[in-house]
Every structure is written in structure tokens, then in C-alpha cells.
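*Asks:* Got a predicted model here, sequence first, then my questions.
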Amino acid sequence: MFFKQKKTDLPKKDDMKKIVADSGIKHIAFIMDGNGRWARAKGLPREAGHGVGVKAFKNAVTLCRDWGITTVTTYAFSTENWKRPPQEIREIMRLLDVYIKEAEDDNDKNRIRYIFLGNKDRLGEELAEKCRYLENITKDNSLILNIALNYGARDEIVSAVNSLIAEGKAEITEEDISSHLYTRESCDPDLIVRTGGEIRLSNFLLWQSQYSELYFTDCLWPDFNEEELIASIVEFSKRKRRYGGV
């Protein structure tokens, strides 16, 4: 099911702080799907869509921060995405490298805490070290931005369980697993937004999303703008979250 708000029904940007506060949304996660299809529709190579997608990503994070959302998680590159064409993977990693440098330079202005979710080892030593450095210099900032990179939810759960076994745990509780996930610094997502027209989670935050509200739109990620973000949060504000109760 796709959720569409009429443009005339959307509140103004100035009203979003109150809507966010009243709705109780603290953590929003994005499955940023559709970069390649956006590029193909315009006669461009798939990798061209990722550059435009970065701009949409930056805009969404800035708006979330300005409206009072305290945690944002983005699905940047999954463990399955290594199956993509080599030139596309190289472009994604190049864009990531550029973004990390910009994040370092803009740290004092943006005050974003960066956490990279996933196994960094496959990224290569240089890029992995840049990720760790950015995490370290931003660790005292307020807005948490989780970037899921070489991430898969099943891999995350297996990693958490193996860590607990290595610690000598004979019995493992839900709390134990939650405290050993890549997302242990964050609350569970209130809202997961997926662009691109697909209706699935694709191995994203499977443990953390047990009571997340889901919002699907056929908007391709490079076209995901302020209006689309407002529509998703407004839809969330209309939901009744019962957490298994009545």
C-alpha cells in the first residue's frame, strides 16, 4: 500500500516542529531506493543517480535535525549490494569518501554524531579508518546519524550473538542482543520510510523494527524532497501505536 498526501493537505514547513513534537517521533529511518532507476529514466548510467541521491540524503537529514528528530538512520549500502556492477560500487564508495571529508569540515556547524552500522572490514583499510575517525571526532554531538554501510540485519544479529558467546554468555536475553547490535546507541526507529515503489524491508533493521511504523512511496530517492518528508511524518502522526495492546 502506498501513502500519498495531496499537496494542498500538507502543513507548512514552519509547522513541522510542533507536528514532530506532538507525534512523538524521535527516530526516522530511510531505505533510499531508486537511484539507479532514476538515472536510467533520464538516459544516464546507474551511478549518476547516486550523486543526486546524496543531495536528497543531505536535505532530509538537515530537515529532520531542524524539526527536532534526534536520530536518523539511512540504508546506504547493504551486504547484498556487493553484487552490483563494479563501476557502480566504486562510485558509491567515492561519494562516501567525499561525504566523510565534508562531514569532518562541517562538524562544528552541523553537530551531527556519525555512526556507521555494519562490518567495516570489507570497505578497505583506508575507508574503514576514515569512518572510525569521523565517528570519534563527532561522538559528543547531539543528532545521531546512523549510516548503514556494508550492513545486513541478519549479519548484525549473528554478530551480536557471536559477541555474547565470546563473552561467555550461557543464556542470552533480548536485552543482551539489543545491547550488542550496531544500533545500540540509538532507540528503535519510530518510522521507516522506503522510497522507490518496493514494499519490503530488504534485510534492514529487522530486530529494531518490531513496532516501527512503515511508510512506502513510489517516489524515487533522488526526488525525495521536503514535501515528501513532510507527507511521511504527517502520515506517521495519524497512526495509533498500540505495541500489542488494545
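*Replies:* Perfect, I can see it now.

*Asks:* And the helix or strand residue 92 falls within, what's buried?
*Replies:* Residue 92 belongs to helix 86-105 when assigned by DSSP states H and E. Neighbour-count burial for helix 86-105, counted by 16 or more other Cβ atoms under 10 Å, picks out 88, 91-92, 95-96, 99-100, 103. C-beta coordinates here come from the backbone N, C-alpha and C atoms, glycine included.

*Asks:* Name the residues that touch that helix?
*Replies:* 36, 45-47, 50-51, 54, 76-77, 81-82, 110, 112, 114, 123, 127, 130-131, 133-134, 137-138, 149 (Cβ atoms under 8 Å, 6 or more residues apart in numbering).

*Asks:* Stretch 217-230 now?
*Replies:* Contacts of stretch 217-230 (Cβ under 8 Å, 6+ apart): 2-5, 7, 10-11, 13, 16, 32-35, 37-38, 41, 49, 52-53, 55-57, 59-60, 63-64, 193-197, 231-232.

*Asks:* 7 Å - rerun?
*Replies:* The contact list for stretch 217-230 (Cβ atoms under 7 Å, 6 or more residues apart in numbering) reads 2-3, 7, 10-11, 13, 16, 32-35, 37-38, 49, 52-53, 56, 59-60, 63, 195-197.

*Asks:* now swap in stretch 110-117 and tell me
*Replies:* With Cβ under 7 Å, 6+ apart, stretch 110-117 has contacts from 103, 131, 134-135, 138-139, 141-149, 151, 182-183, 185.

*Asks:* List only those of those residues flagged as buried.
*Replies:* 103, 131, 134, 138, 143-149, 151, 182-183.

*Asks:* Run through this structure and note the low-pLDDT ranges.
*Replies:* Counting by pLDDT under 70, the chain has low-confidence residues at 1-8, 246.

*Asks:* Which strands and helices lie in contact with the lengthiest helix in it?
*Replies:* Secondary structure of the chain read by DSSP state H shows that its longest helix is helix 46-67. Contacts defined by 3 or more Cβ pairs under 7 Å, 6 or more residues apart in numbering; DSSP states H and E place helix 46-67 against helix 16-23, helix 35-41, strand 71-78, helix 86-105, helix 226-238.

*Asks:* Quick check, central residue of this structure?
*Replies:* The chain has residue 74 as the residue nearest its centroid, 1.4 Å off, counting by Cα atoms, centre = their mean.

*Asks:* Skipping its backbone neighbours, what lies nearest it in space?
*Replies:* The spatial neighbour of residue 74 that comes closest, neighbours along the chain excluded (Cβ to Cβ, 6 or more residues apart in numbering), is residue 30 at 4.9 Å.

*Asks:* elements contacting the helix or strand where the one you found lies?
*Replies:* Residue 30 is located in strand 27-31, with elements delineated by DSSP H and E. When contacts are defined as 3+ Cβ pairs under 7 Å, 6+ apart, strand 27-31 sits against strand 71-78, strand 191-194.

*Asks:* Please save the CA atoms from stretch 147-167 in PDB.
*Replies:* Output of stretch 147-167 as PDB, limited to C-alpha atoms (Å, rounded to 0.1, in the frame of the first residue of the first chain):
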ATOM      1  CA  ILE A 147      24.700   5.200   8.100                       C
ATOM      2  CA  ALA A 148      24.200   1.600   7.400                       C
ATOM      3  CA  LEU A 149      27.200   0.600   5.300                       C
ATOM      4  CA  ASN A 150      28.000  -3.000   4.300                       C
ATOM      5  CA  TYR A 151      25.000  -3.700   6.500                       C
ATOM      6  CA  GLY A 152      22.600  -6.600   6.700                       C
ATOM      7  CA  ALA A 153      20.200  -7.200   9.600                       C
ATOM      8  CA  ARG A 154      20.800 -10.900   9.800                       C
ATOM      9  CA  ASP A 155      24.600 -10.300   9.800                       C
ATOM     10  CA  GLU A 156      24.100  -7.800  12.600                       C
ATOM     11  CA  ILE A 157      22.100 -10.300  14.700                       C
ATOM     12  CA  VAL A 158      24.700 -13.000  14.100                       C
ATOM     13  CA  SER A 159      27.500 -10.600  15.000                       C
ATOM     14  CA  ALA A 160      25.700  -9.700  18.300                       C
ATOM     15  CA  VAL A 161      25.200 -13.300  19.300                       C
ATOM     16  CA  ASN A 162      28.800 -14.300  18.500                       C
ATOM     17  CA  SER A 163      30.000 -11.400  20.600                       C
ATOM     18  CA  LEU A 164      27.900 -12.600  23.500                       C
ATOM     19  CA  ILE A 165      29.200 -16.200  23.100                       C
ATOM     20  CA  ALA A 166      32.700 -14.800  23.100                       C
ATOM     21  CA  GLU A 167      31.900 -13.100  26.400                       C
END
